[in-house]
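A.B. asks: Please find the sequence and the predicted model below.
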Amino acid sequence: MATGRTHRPATRSRGIPEATVARLPLYLRALNALSERSVPTVSSEELAAAAGVNSAKLRKDFSYLGSYGTRGVGYDVEYLVYQISRELGLTQDWPIVLVGIGNLGAALANYGGFASRGFRVAALVDADPALAGKPVAGIPVQHIDTLETVIREQHVSIGVIATPAGAAQQVCDRLVGAGVTSILNFAPTVLAVPDGVDVRKVDLSIELQILAFHEQRKAGEENLAEESAVRNAPTTAVSGVAAKETPAERAARAGDGPGPEGDLPAVMRA
Ligand SMILES: NC(=O)c1ccc[n+]([C@@H]2O[C@H](COP(=O)([O-])OP(=O)(O)OC[C@H]3O[C@@H](n4cnc5c(N)ncnc54)[C@H](O)[C@@H]3O)[C@@H](O)[C@H]2O)c1
């Protein structure tokens, strides 16, 4: 779901392109599902379909990991899970700090997927003094004043921002100043960060807008297809003028459906 860009060159130090890195979590999710079902091996086609990726792209991506699979057998699921997890740095535990514990922050804190993927919520932080000490997902919310101490003591390198947009840059600056080098930003604003800090932005409304665009295009294509079907239908002479025949007219002429008047009673068609 994460969208946006990271402030990194298109190719990472070990020669793995950013686009490949962005697909690794998709492969990992599909592989974990296979692993849970104790599936030992998987073909590139099956895995590509499960991850929603083109299979040639998948084989190219895996070649960067030095993983080529075995002809006729496919890829070893467990080994690939290990390889991708190692590449993504998921073989170690990553403490994260979540800032802004409102509707979204509380939902994120309650999301079980962080822990199962190696991300430990080290602290929940909010500026509202009324929230301080209140448990959310079993973790007491801490006041923003403690942010730097929490980051230092818990060795946090990843921060998640779920504050209103107006507070996000200030929170970001404090996170970076305290040593955080990766930020996941949910606030609808562009953050300025120094070199060496990665920012990923999540915006569900942008995703919905992209879907709306595709919906609109699909509707347009359907209309065009209908218009073109009518335009390309065989012509028939009506009162001496060549006119396009609609599907209903064609069916009526063939005697297999209602005429252009549809289901009008016969008396009204006369
Ligand atoms: N990316 C998405 O898809 C998506 C979806 C929903 C909401 N949002 C965004 O997430 C943010 C939070 O939304 P919400 O509905 O949870 O809002 P909310 O008002 O319920 O919660 C915001 C929280 O941030 C806290 N806060 C404000 N200033 C702060 C600061 N300087 N330091 C620390 N905490 C601070 C507030 O006390 C509050 O608890 C908004 O920016 C919203 O636009 C994004």
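C.D. replies: Happy to help now that I have it.

A.B. asks: Could I get the buried residue list for stretch 139-148?
C.D. replies: 141-142, 144, 147 (16 or more other CB atoms under 10 Å). All C-beta spots, glycine's among them, are computed from the backbone N, C-alpha and C.

A.B. asks: Show me what from the stretch 51-200 of the chain comes close to the ligand.
C.D. replies: 99-105, 126-128, 144, 162-165, 167, 170-171, 186-188 (CB under 6 Å from any ligand atom).

A.B. asks: 5 Å instead?
C.D. replies: Counting by CB under 5 Å from any ligand atom, the stretch 51-200 of the chain comes close to the ligand at 100, 102-104, 126-128, 144, 162-165, 167, 186-188.

A.B. asks: about what we covered before: could I get the buried residues of stretch 139-148 in JSON lines, plus columns for distance to residue 155 and pLDDT?
C.D. replies: As requested, the buried residues of stretch 139-148 are exported to JSON lines (distance: CB to CB, whole Å; pLDDT from 0 to 100):
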{"residue": "141", "distance to residue 155": "20", "pLDDT": "98"}
{"residue": "142", "distance to residue 155": "16", "pLDDT": "98"}
{"residue": "144", "distance to residue 155": "19", "pLDDT": "97"}
{"residue": "147", "distance to residue 155": "14", "pLDDT": "97"}
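
A.B. asks: Take those and keep only those in strands.
C.D. replies: 141-142 (DSSP state E).

A.B. asks: The ligand: which of the buried residues of stretch 139-148 is nearest?
C.D. replies: Nearest to the ligand, judged by CB to the nearest ligand atom, of the buried residues of stretch 139-148 is residue 144 at 4.5 Å.

A.B. asks: just checking, the closest one touches residue 126?
C.D. replies: Yes - the criterion here is CB atoms under 8 Å, and residue 144 meets it with residue 126 at 6.6 Å.
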